[in-house]
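Undergrad: Sequence plus the predicted model coming up.
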Amino acid sequence: MSAAALRRLTLRVLELAGVLFIVSVGVFSLVVLLPGDPAVDILGAGRPPSEYAELRHDMGLDQPLHTRYFDWLGGVLTGDLGRSVVPPQSEVSDRVVSALPVSAEIAVLGLLIALLIAVPLAMWSAYREGGIADRIIGAGTFAVLSVPSFLAGLLLVMVMVNSLGWFPRSEWVRIGDGDLLGNLHHAFLPALTVALVELAMFARVLRGDLIVTLREDFILAARAKGMSPLRILFSDALRPSSFSLVTLLGLSLGRLIGSTVIVEYLFSLPGMGSLVVNAANQGDYPMVQGAVLTIAVIYVVINAGIDFSYGYLDPRTRRVHV
């Protein structure tokens with residue numbers, strides 16, 4: 001790697017560190033500045049003032065705001081996200097480590113399903129622009145986008161779970177339990193629910209970029225040489241048309257890890273969305289902070305990785321994105 005490239009990479013890493021610092025301030029402030037008293041939320045109303053004061057002291061709420069932030073940040077940097085204030089008062093990191101693989105698996109599996117369906121549809125639609133297949137695919141993706149995720153999930157539960165009994169609705173099986181097929185059996189329907197909206201967006205975005213690419217001179221030259229349509233689409237057109245798709249993929253992955261609350265509720269999944277909602281309802285502020293920070297860091301890091309990948313997708317951008 002040249003000196004100039006190393007300098008650009010160093011600047012990118014420093015930018016990423018700055019963004020993560022701002023994220024940490026935002027997460028801490030968002031929870032701390034919420035209205036209400038955490039001590040009252042946890043103990044309930046009507047307790048003696050001394051009990052509230054003791055709990056505030058135990059939680060560090062009687063310290064200055066900047067002291068509380070740097071104490072919390074120091075713990076985060078050493079892997080200590082704090083301890084839940086709601087019985088059984090487990091470590092936040094333990095709960096996050098338990099919930100994160102569930103949401104990550106559903107998000108990744110859902111995106112894989114979406115890509116496996118969306119990419120062939122987009123390529124076929126773009127190559128047959130204006131034809132019957134293009135119109136049918138366009139109408140189908142528009143219809144899917146019009147259906148909210150919770151409604152799609154309810155329909156899938158009613159048909160696939162309640163009526164046909166093909167899939168279970170609860171009793172999540174983890175990969176670590178040694179039953180991979182059982183895990184996939186439980187994960188497929190929630191992942192399909194997540195995939196429906198994503199595949200419609202992916203197909204529409206990739207179709208538009210492919211149509212532009214297929215009009216480029218190098219594609220016309222490939223057609224003039226007699227290259228097959230499949231080879232042109234996969235070898236020449238797909239990669240330079242993937243910028244928007246890759247960006248959308250990164251945004252979707254980071255978003256889905258923390259925003260599958262409805263899907264997790266419908267299928268009784270112990271993921272990050274359920275963890276954050278339950279913690280917020282119980283007034284468990286350390287748990288909310290740790291979980292939201294984890295989701296935000298994953299989101300930022302994923303999109304930084306997507307940004308670095310542009311140089312591979314199109315070497316012409318390496319001077320900018322290295």
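TA: Done, it's in.
Undergrad: Do you have the helices of the stretch 1-150 of the chain handy? List them.
TA: 3-32, 38-43, 49-59, 65-77, 92-127, 132-145, 149-156 (DSSP state H, counting those that start in this stretch).
Undergrad: Return the most buried member of those.
TA: A comparison of those by mean neighbour count, using mean count of other CB atoms under 10 Å, puts helix 92-127 on top with a mean of 20. All C-beta atoms are positioned from the backbone trio N, CA, C, and that covers glycine.
Undergrad: between that one and helix 65-77, what angle do the directions make?
TA: Put simply, helix 92-127 runs at 70 degrees to helix 65-77, going by axes from the mean of the first three to the mean of the last three CA atoms, to 10 degrees.
Undergrad: tell me the angle of helix 92-127 relative to helix 132-145?
TA: Using the same axes, to 10 degrees: helix 92-127 against helix 132-145 is 150 degrees.
Undergrad: just how off-centre is helix 92-127 within its chain?
TA: Its chain's C-alpha centre and that of helix 92-127 lie 8 Å apart, by CA atoms, centre = their mean, to the nearest Å.
Undergrad: Which strands or helices does it pack on?
TA: helix 132-145, helix 180-213, helix 243-259, helix 261-266, helix 272-282, helix 285-313 (3 or more CB pairs under 8 Å, 6 or more residues apart in numbering; DSSP states H and E).
Undergrad: rerun at 10 Å
TA: Packing partners of helix 92-127 (3 or more CB pairs under 10 Å, 6 or more residues apart in numbering; DSSP states H and E): helix 65-77, helix 132-145, helix 180-213, helix 229-231, helix 243-259, helix 261-266, helix 272-282, helix 285-313.
Undergrad: Out of those, flag the one nearest residue 108.
TA: Residue 108 lies closest, by CB to CB, to one member of the helices and strands packed on helix 92-127: helix 243-259, at 7.1 Å.
Undergrad: Below-threshold pLDDT in the stretch 51-200 of the chain: ranges please.
TA: Where the stretch 51-200 of the chain drops to pLDDT under 70, the residues are 169-170, 178.
Undergrad: Apply 50 and report the result again.
TA: Along the stretch 51-200 of the chain, segments meeting pLDDT under 50 are nowhere present.
Undergrad: what's the nearest residue to the residue nearest the centre of the chain if we skip its chain neighbours?
TA: In the chain, the residue lying closest to the centroid (CA atoms, centre = their mean) is residue 254, at 2.7 Å. Closest residue to residue 254 apart from its sequence neighbours, by CB to CB, 6 or more residues apart in numbering: residue 299 at 3.3 Å.
Undergrad: quick one: the one you found from residue 77, how far?
TA: Applying CB to CB, to the nearest Å, the value for residue 299 to residue 77 is 19 Å.
Undergrad: go on, residue 30?
TA: From residue 30 across to residue 77, the span is 19 Å (CB to CB).
Undergrad: try residue 142
TA: 46 Å.
Undergrad: returning to what we had before: dump the helices and strands packed on helix 92-127 to CSV, plus distance to residue 152.
TA: Below are these laid out as CSV (distance: least, CB to CB, whole Å):
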stretch, distance to residue 152
helix 65-77, 36
helix 132-145, 8
helix 180-213, 5
helix 229-231, 32
helix 243-259, 14
helix 261-266, 9
helix 272-282, 16
helix 285-313, 23
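Undergrad: Nearest approach to residue 160 belongs to which of those helices?
TA: Of all those, helix 180-213 comes closest under CB to CB, at 5.9 Å.
Undergrad: Tell me which helix or strand comes right after the closest one.
TA: Next helix or strand after helix 180-213 toward the C-terminus (DSSP states H and E): helix 217-224.
Undergrad: who's in contact with the residue nearest to the centre of the chain?
TA: Listed by CB atoms under 10 Å, 6 or more residues apart in numbering, the contact partners of residue 254 are 107, 295, 296, 297, 298, 299, 300, 301, 302, 303, 306.
Undergrad: Where neighbours are concerned, which of those has the most?
TA: With neighbours taken as other CB atoms under 10 Å, the top of those is residue 107, carrying 28 neighbours.
Undergrad: ok, how many other residues are close to the nearest residue to that one once chain neighbours are set aside?
TA: Nearest residue to residue 107, sequence neighbours excluded (CB to CB, 6+ apart): residue 256, at 3.8 Å. Residues contacting residue 256 under the criterion other CB under 10 Å number 23.
Undergrad: what's the spacing between residue 256 and residue 306?
TA: In terms of CB to CB, residue 256 sits 14 Å off from residue 306.
Undergrad: now swap in residue 144 and tell me
TA: Residue 144 sits 24 Å away from residue 306, taking CB to CB as the criterion.
Undergrad: related to what we said a few turns ago, look at the residue nearest to the centre of the chain and report its pLDDT.
TA: Residue 254 carries a pLDDT value of 75.
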